[in-house]
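*Asks:* show me the folded form of this:
(2 chains)
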2 protein chains.
Amino acid sequence: MKWEENVRRVTPYTPGEQPDKAGVIKLNTNENPYPPAPGVSEAAAAFQAGQLRLYPAFPEKTLLAKELAAHHRIGTDQIFIGVGSDDVLSMAFMTFFQSDRPVFFPDITYSFYDVWADVYRIPYSRKPLNEDFNISVKDYCQPNGGVVFPNPNAPTGILMSLDAVEEIVAANRDVVVIVDEAYIDFGGTSALPLIEKYDNLLVVQTFSKSRSMAGMRIGYAMGQPALIRYLNDVKYSVNSYTMNTAAYAFGVEAVRDQAYFEACCQKIIKTRERAESELLKRGFVFPKSFANFIFAAHKTIPAREIFERLKENDIYVRWWDKDRIGNYLRITIGTDEQMEALYRALDKICRVYSDKKNSIIT
Amino acid sequence: MKWEENVRRVTPYTPGEQPDKAGVIKLNTNENPYPPAPGVSEAAAAFQAGQLRLYPAFPEKTLLAKELAAHHRIGTDQIFIGVGSDDVLSMAFMTFFQSDRPVFFPDITYSFYDVWADVYRIPYSRKPLNEDFNISVKDYCQPNGGVVFPNPNAPTGILMSLDAVEEIVAANRDVVVIVDEAYIDFGGTSALPLIEKYDNLLVVQTFSKSRSMAGMRIGYAMGQPALIRYLNDVKYSVNSYTMNTAAYAFGVEAVRDQAYFEACCQKIIKTRERAESELLKRGFVFPKSFANFIFAAHKTIPAREIFERLKENDIYVRWWDKDRIGNYLRITIGTDEQMEALYRALDKICRVYSDKKNSIIT
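*Replies:* Just a heads-up that it's a prediction; the model follows:
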């Protein structure tokens, strides 16, 4: 068809599989294994559907903005709320990366950065992580059109020190630096206090991981009011109403229940620590993780092999057929029970693999 | 600040005022005065917050897609669901309007079209409505990069005949034609049946008006599977998960209750017909409306004057300080009670205005 000549062709992002099958153990999309705070259920039960006839409030005027501001001890004019951190990051790319110089981000990182850059025609340069998958600060201290990186990085789970983050922000006062803290609540230290000192720093967080609300699509950015204003201007020019009324109502409760939030994060950290020793025992190597997943390679069995065998056992983890990381699996931290099932399946896979190898040798 | 040089500068869209004040009569944003179908309340009450820990399903796999497909008698592969029709339209602009030729739309129309075109750097040409605010079909039968128009048009409320719509679609087989049917359920005839015949036609509808769910942000596009696939490819490359789990659950019920939906639309049509005679009596002129609003000018009192005076009476209508339409008010059809309050306020305004004029003459 002739109209197809005017169609934008993209290489679509492939999200982690969402198997329809019941009973599978999903350790492939970094979802939280625990439900949201009990207050979220109460908010759902109390929700007045009649109000839906009206357009939603503007994010900055909501109770959600007030609760987030109180929680982080900043002003409501320092928060931009969007439909998951993907929406927030995508808007931030569109708003702040309008330079002819390339935007810098790691070669191994969240797979959406280059996709957004392509969509918005933003030039970019991927800076290779070093051999240990660490970010080299000096790579980000050259002229550029902006900087973005997750901390902890994904899918490695490696945390950069706050000093290193500050070094990058300080070296780039002429551009906006975005620190994507989707996984910060699992043991990291947020760069948020630096926003007072640096007007070029935008810190992005999400309700999808530590607040168990991936299904509600809530993310937010924090920075000085000028940054937030620019973001809002672009956002309102694309879609005045993105957040729905239910997201505001449910989200508030997830912020309010600080005790539940902390207990939930602690449980996941504890299970992760246990997972580290269990995976080590079974011949895996991995960088120390500060996220709700472990990025692990097996010393002898190829990642693809383990990935496929686990799937046969109804356990889904994430594997990318990509340079440098093709022998790694990203394993989300589930409940203790789910992790036990994973260890048992790994034992079986290791056994079968070593039998197969021996039989080949014989 | 130097980083501000790389910031995208936009003229932000100004949505209708959302007054915080209680007790105001909001006839300014084309919201439905009636609540959503009773099933939506039941869906909210029954909503299981625990599922929110998981990412939402992909739109095409949801019950919402199945219900919409059944309702419109098309396949689920012919429906694209987004965060309100704004999200759907914005994605469609991004996906289908990649030509060097200008996209055509009316000079007086939904104010987001030129905003999206600017954001995505799409060339465009505004085709003036004729003196009676009608679209001239022949204007759209010249080489272009795509066509988009609302039917009924906004803010005029004027309906184009299905024959005229087909003429435009048929004359533009080499580009995508988007018919934005946000207001079609208030007396218009949808172009939907034409998608079987024309693979270049995309029909967009929304839950925000006739289904009383502006607060839930649900819109959708319908077309042949190839069009929908292209839309999905671009959408997934920008944000994998835009719709939240609650929107799917609540939305289903708004589609299922056909009787409530029809009764609601009929009530609004009846109130609109009454409003036409009441406004005529009070010296207004307006084109025949097929939407949930009337676009009216007063024979003697300037629109701005009426707009400001109504606001003093806590009645909000919409007015734009723009060429050609600066003397018109867009008045959303509310409940009968709200409209009675409007008529009373208009009587007062007319009286005061004529007293003032007389006193100036004297």
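*Asks:* with only the CA atoms kept, save stretch A:173-184 in PDB.
*Replies:* What follows is stretch A:173-184 as a C-alpha-only set of coordinates in PDB (Å, rounded to 0.1, in the frame of the first residue of the first chain):
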ATOM      1  CA  ARG A 173      26.300  21.500  34.600                       C
ATOM      2  CA  ASP A 174      25.500  22.600  31.000                       C
ATOM      3  CA  VAL A 175      23.200  19.700  30.300                       C
ATOM      4  CA  VAL A 176      20.500  17.700  32.100                       C
ATOM      5  CA  VAL A 177      21.600  14.600  33.900                       C
ATOM      6  CA  ILE A 178      18.800  12.000  34.600                       C
ATOM      7  CA  VAL A 179      19.400   9.400  37.300                       C
ATOM      8  CA  ASP A 180      16.800   6.600  36.800                       C
ATOM      9  CA  GLU A 181      16.300   5.200  40.300                       C
ATOM     10  CA  ALA A 182      13.700   2.500  39.500                       C
ATOM     11  CA  TYR A 183      15.600   0.100  41.900                       C
ATOM     12  CA  ILE A 184      17.000   2.500  44.400                       C
END
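*Asks:* does chain B sit close to it?
*Replies:* Yes: contact of stretch A:173-184 with chain B (Cβ under 8 Å from any Cβ of the partner chain) involves A:173-176. (Each C-beta comes from the backbone N, C-alpha and C, glycine too.)
*Asks:* which residue, other than its chain neighbours, is closest to the most centrally placed residue in chain A?
*Replies:* Taking Cα atoms, centre = their mean, the centroid of chain A lies closest to residue A:182, which sits 4.1 Å from it. Excluding the flanking residues, the one nearest residue A:182 by Cβ to Cβ, 6 or more residues apart in numbering or on different chains is residue A:206, at 5.0 Å.
*Asks:* quick check: the one you found touching residue A:218?
*Replies:* Yes: with contact defined as Cβ atoms under 8 Å, residue A:206 and residue A:218 form a contacting pair (7.1 Å).
*Asks:* any shared contact partners between the two?
*Replies:* Jointly contacting residue A:206 and residue A:218 under the rule Cβ atoms under 8 Å, 6 or more residues apart in numbering or on different chains are residue A:84.
*Asks:* out of these two, which sits in the more crowded spot?
*Replies:* Each of residue A:206 and residue A:218 has its neighbours counted (other Cβ atoms under 10 Å in any protein chain shown); residue A:218 has more, 31 against 25.
*Asks:* the closest residue to the more buried one other than its chain neighbours: what's it in contact with?
*Replies:* On the basis of Cβ to Cβ, 6+ apart, the spatially nearest residue to residue A:218 that is not a chain neighbour turns out to be residue A:207, at 4.0 Å. When contacts are counted by Cβ under 8 Å, 6+ apart, residue A:207 touches A:213-214, A:216, A:218-219, A:251, A:254.
*Asks:* again, only using 6 Å
*Replies:* A:213, A:218, A:254 (Cβ atoms under 6 Å, 6 or more residues apart in numbering or on different chains).
*Asks:* against chain B, how distant is the first one?
*Replies:* In other words, residue A:213. Distance from residue A:213 to chain B, counting by Cβ to the nearest Cβ, to the nearest Å: 5 Å.
*Asks:* the residue lying closest to that residue once chain neighbours are set aside and residue A:255, how far apart?
*Replies:* Spatial nearest neighbour of residue A:213, chain neighbours left out: residue A:207 (4.1 Å); criterion: Cβ to Cβ, 6+ apart. From residue A:207 across to residue A:255, the span is 8 Å (Cβ to Cβ, to the nearest Å).
*Asks:* okay, buried residues for the longest helix along chain A please.
*Replies:* With residue count as the measure and DSSP state H as the assignment, chain A has helix A:336-361 as its longest helix. Within helix A:336-361, the residues that qualify as buried are A:338-339, A:341-342, A:345-346, A:349-350, A:353, counting by 16 or more other Cβ atoms under 10 Å in any protein chain shown.
*Asks:* hmm, it in reach of chain B?
*Replies:* No: Helix A:336-361 stays out of contact with chain B when judged by Cβ under 6 Å from any Cβ of the partner chain, the minimum separation being 12.8 Å.
*Asks:* for that helix, what is the distance to the chain centroid?
*Replies:* What separates the centre of helix A:336-361 from the centre of its chain is 30 Å, taken as Cα atoms, centre = their mean, to the nearest Å.
*Asks:* that one - contacts with which helices or strands?
*Replies:* helix A:258-281, helix A:303-312 (3 or more Cβ pairs under 6 Å, 6 or more residues apart in numbering or on different chains; DSSP states H and E).
*Asks:* one more pass at 10 Å, please.
*Replies:* strand A:25-26, helix A:258-281, strand A:293-298, helix A:303-312, strand A:315-316, strand A:328-332 (3 or more Cβ pairs under 10 Å, 6 or more residues apart in numbering or on different chains; DSSP states H and E).
*Asks:* measure residue A:343 to residue A:332 for me?
*Replies:* 15 Å.
*Asks:* kindly apply the preceding question to residue A:190 instead.
*Replies:* 21 Å.
*Asks:* repeat for residue A:100
*Replies:* Separation of residue A:100 from residue A:332 (Cβ to Cβ) stands at 39 Å.
*Asks:* mind listing the helices for chain A?
*Replies:* Along chain A, counting by DSSP H, helices occupy A:38-46, A:63-72, A:84-96, A:112-119, A:162-170, A:225-238, A:245-256, A:258-281, A:303-312, A:336-361.
*Asks:* by contact count, what packs against the second one?
*Replies:* Counting contacts by 3+ Cβ pairs under 10 Å, 6+ apart, helix A:63-72 packs against strand A:79-82, strand A:201-206, strand A:219-222, helix A:245-256.
*Asks:* same question, the shortest one
*Replies:* Taking 3+ Cβ pairs under 10 Å, 6+ apart as the contact definition, the neighbouring helices and strands of helix A:112-119 are helix A:84-96, strand A:103-106, strand A:124-127, strand A:146-150, strand A:177-180, helix B:225-238.
*Asks:* and what of the fifth one?
*Replies:* The contact analysis (3+ Cβ pairs under 10 Å, 6+ apart) places helix A:162-170 against strand A:146-150, strand A:177-180, strand A:201-206.
*Asks:* tell me the buried residues in it?
*Replies:* A:164-169.
*Asks:* what mean pLDDT would you report for that helix?
*Replies:* Taken as a whole, helix A:162-170 has a mean pLDDT of 98.
*Asks:* just the first one next, same as before
*Replies:* Here helix A:38-46 scores 97 as its mean pLDDT.
*Asks:* any idea how far residue A:323 is from the closest residue to residue A:86 other than its chain neighbours?
*Replies:* Using Cβ to Cβ, 6+ apart and skipping the chain neighbours, the partner closest in space to residue A:86 is residue B:239 (4.6 Å). For residue B:239, the distance to residue A:323 (Cβ to Cβ) stands at 26 Å.
*Asks:* those two - which one has more neighbours?
*Replies:* residue B:239 (22 against 8).
*Asks:* which residues sit in contact with the more buried one?
*Replies:* Neighbouring residues of residue B:239 by Cβ atoms under 10 Å, 6 or more residues apart in numbering or on different chains: A:13, A:82-84, A:86-87, A:89-90, A:112, A:115-116, A:217, B:83, B:87, B:91.
*Asks:* out of the residues you listed, which is most surrounded?
*Replies:* residue A:217 (32 neighbours).
*Asks:* what pLDDT does that residue get?
*Replies:* pLDDT, residue A:217: 98.
*Asks:* repeat that for residue A:190.
*Replies:* 98.
*Asks:* phi first, then psi, for it.
*Replies:* phi -70, psi 150 (degrees, to the nearest 10).
*Asks:* buried residues, stretch A:257-264. List them.
*Replies:* For stretch A:257-264, by 16+ other Cβ under 10 Å, it's A:257, A:260-261, A:264.
*Asks:* nearest spatial neighbour of residue A:81, skipping sequence neighbours?
*Replies:* residue A:59 (3.9 Å).
*Asks:* with adjacent residues omitted, what lies nearest to residue A:139?
*Replies:* Spatially, and ignoring its direct neighbours in sequence, residue A:139 is nearest to residue A:127 (4.0 Å; Cβ to Cβ, 6+ apart).
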